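1. sequence and predicted model, in that order:
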2 protein chains.
Amino acid sequence: MSGAPVKFQSRQTIEQVEEGSDLAPKFDDRGLITVVTTDIDSGELLMQGYMNAEALGLTISTGEAHYYSRSRQVLWHKGATSGFVQKVRELLVDDDQDCIWLRVEVVGGASCHVGYRSCFYRRVPVGEEFQGRHEDGQIDLEWTDTDKVFDPEEVYGDAPNPTIL
Amino acid sequence: MSGAPVKFQSRQTIEQVEEGSDLAPKFDDRGLITVVTTDIDSGELLMQGYMNAEALGLTISTGEAHYYSRSRQVLWHKGATSGFVQKVRELLVDDDQDCIWLRVEVVGGASCHVGYRSCFYRRVPVGEEFQGRHEDGQIDLEWTDTDKVFDPEEVYGDAPNPTIL
């Protein structure tokens, strides 16, 4: 890696943040910004995570996705354990700069710790489909993907599961 | 709208939440869950928002996207003011059920209060592109879309801008 660390600008005006060319991200009271990660080829939503300023700077300067793990409370170079590194092909910011969109290519093809390609492998029936089937208001999730790309036990061993109830 | 209100299950085990068919969403300490909204046709990320339990229930039962506006602190039927209603074609939930993915069709084609089709209309150079151009660490955002779908002043009048500095 070469060059100076990434500089973020301070947030001065709505015009600057929404219509200007300054990168002036809004980190929340935990110091985090929301990140949405999609597959550059399929457009599929792979995961939703968070970055602190360090993770965002490293993602920009290295071109590989870095997050902040809320459950483990550490900087997280995605793929450092599993090998499933995310190469960032495009990084976008939203209107009020409180969300980052990563369009990535995933080495090895998996982004979900459960073993699926995407974290979003179950759907909820909505609208007429919900009304027609669920008269008691009860929902049954439906699988959109049943083929795991890897076995989490083989990859992560006995590392604690990041899901918090 | 017919039928009973949507029922959410309580979160009991990691197995149930990650690998089961119960809808057991995790609302945070503000009572909110993160929502990612993409265009059903283009796959483009349109916006990232939040829902409370009421908004998620109404989205499922009506098939139109409802959010919770943090800046206005109200339930928000997207498009009620602007006319740009989001018809939900698919609703998915992630592994630990703390994020909702909406795949929508947008009536009128716009989802961003600034007037663009998507809230994500600016990109940040990353990796080699960043290193080659930004020796001082300074970032200049680049526009990926310069054509506004509507004029925010005509649609929203003098309603307060939702962006918070």
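-> Received it, and whenever you're ready, just let me know what you need.

2. off-centre distance for the longest helix along chain A?
-> Ranked by number of residues, the top helix in chain A under DSSP state H is helix A:53-62. Distance of helix A:53-62 from its chain centroid, counting by Cα atoms, centre = their mean, to the nearest Å, is 14 Å.

3. ok, now which ones touch A:V114?
-> A:Y121, A:K148, A:P152, B:E18, B:E19, B:D95 (Cβ atoms under 8 Å, 6 or more residues apart in numbering or on different chains). C-beta here means a position set from N, CA and C on the backbone, and glycine is covered the same way.

4. the third one is in contact with A:Y116, isn't it?
-> Right, the one you point to is A:P152. No - using Cβ atoms under 8 Å, A:P152 makes no contact with A:Y116, being 9.9 Å away.

5. higher neighbour count, those two?
-> A:Y116 (23 against 18; other Cβ atoms under 10 Å in any protein chain shown).

6. tell me which residue lies nearest the centroid of chain A.
-> A:Q48 (3.2 Å; Cα atoms, centre = their mean).

7. what helix or strand does that one sit in?
-> Using DSSP states H and E, A:Q48 sits in strand A:45-51.

8. partner strands of that strand, with direction?
-> strand A:33-39 (antiparallel) (DSSP bridges).

9. contact partners of the partner strand?
-> Counting by Cβ under 8 Å, 6+ apart, residues outside strand A:33-39 touching it are A:25-27, A:44-52, A:56, A:65, A:67, A:86, A:98-106, A:111, A:118, B:34, B:36, B:38, B:43, B:45, B:48.

10. buried stuff in it?
-> Using 16 or more other Cβ atoms under 10 Å in any protein chain shown as the test for burial, strand A:33-39 gives A:I33, A:T34, A:V35, A:V36, A:T37, A:T38, A:D39.

11. for the strand or helix carrying A:E18, which positions count as buried?
-> Using DSSP H and E, A:E18 sits in helix A:14-19. For helix A:14-19, the neighbour count (16+ other Cβ under 10 Å) marks A:I14, A:Q16, A:V17, A:E18 as buried.

12. residues touching the second one, list them.
-> Right, A:Q16. Applying Cβ under 8 Å, 6+ apart, the residues near A:Q16 are A:Q9, A:D22, A:A24.

13. for chain B, tell me which of those show up nearby.
-> A:D22 (Cβ under 8 Å from any Cβ of the partner chain).

14. between the contacts of A:Q16, which sits nearest chain B?
-> A:D22 (7.1 Å; Cβ to the nearest Cβ).

15. mind checking how far that closest one is from B:L141?
-> 7 Å (Cβ to Cβ, to the nearest Å).

16. now the residue nearest to the centre of chain A: closest residue in space, sequence neighbours ignored.
-> Spatially, and ignoring its direct neighbours in sequence, A:Q48 is nearest to B:C99 (4.4 Å; Cβ to Cβ, 6 or more residues apart in numbering or on different chains).

17. again, but for A:P125
-> In space, A:P125 is closest to A:R133, 6.2 Å off (Cβ to Cβ, 6+ apart).

18. okay, now that neighbour: neighbour count?
-> Using other Cβ under 10 Å: A:R133 sits among 12 other residues.

19. if I look at it, how far off is B:H66?
-> Taking Cβ to Cβ, one finds A:R133 at 20 Å from B:H66.

20. what does A:R123 give?
-> For A:R123, the distance to B:H66 - Cβ to Cβ - is 18 Å.

21. give me the more crowded residue out of these two.
-> B:H66 (24 against 17).

22. what are the bridge partners for that one, then?
-> Beta-bridge partners of B:H66, counted by DSSP bridges, are B:H77.

23. which pLDDT value goes with it?
-> If you check B:H66, the pLDDT there is 97.

24. list the contacts of stretch A:69-86.
-> A:32, A:37, A:46, A:50, A:52, A:54-55, A:58, A:64-68, A:102, A:104-111, A:113, A:150, A:155-156, A:159, A:162-164.

25. from chain B, how far out is A:E54?
-> According to Cβ to the nearest Cβ, to the nearest Å, A:E54 and chain B sit 14 Å apart.

26. the closest residue to that residue other than its chain neighbours: which element?
-> Nearest residue to A:E54 in three dimensions, chain neighbours excluded: A:L75, at 5.9 Å (Cβ to Cβ, 6+ apart). For A:L75, the element it lies in under DSSP H and E is strand A:74-77.

27. now the helix or strand following that strand against helix A:53-62, angle please.
-> Downstream of strand A:74-77, the next assigned helix or strand under DSSP H and E is strand A:86-93. Here the directions of strand A:86-93 and helix A:53-62 differ by 110 degrees (axes from the mean of the first three to the mean of the last three Cα atoms, to 10 degrees).

28. list the buried residues of the following helix or strand past strand A:86-93.
-> In the C-terminal direction, the helix or strand that comes right after strand A:86-93 (DSSP H and E) is strand A:99-106. Going by neighbour count (16+ other Cβ under 10 Å), the buried part of strand A:99-106 is A:C99, A:I100, A:W101, A:L102, A:R103, A:V104, A:V106.
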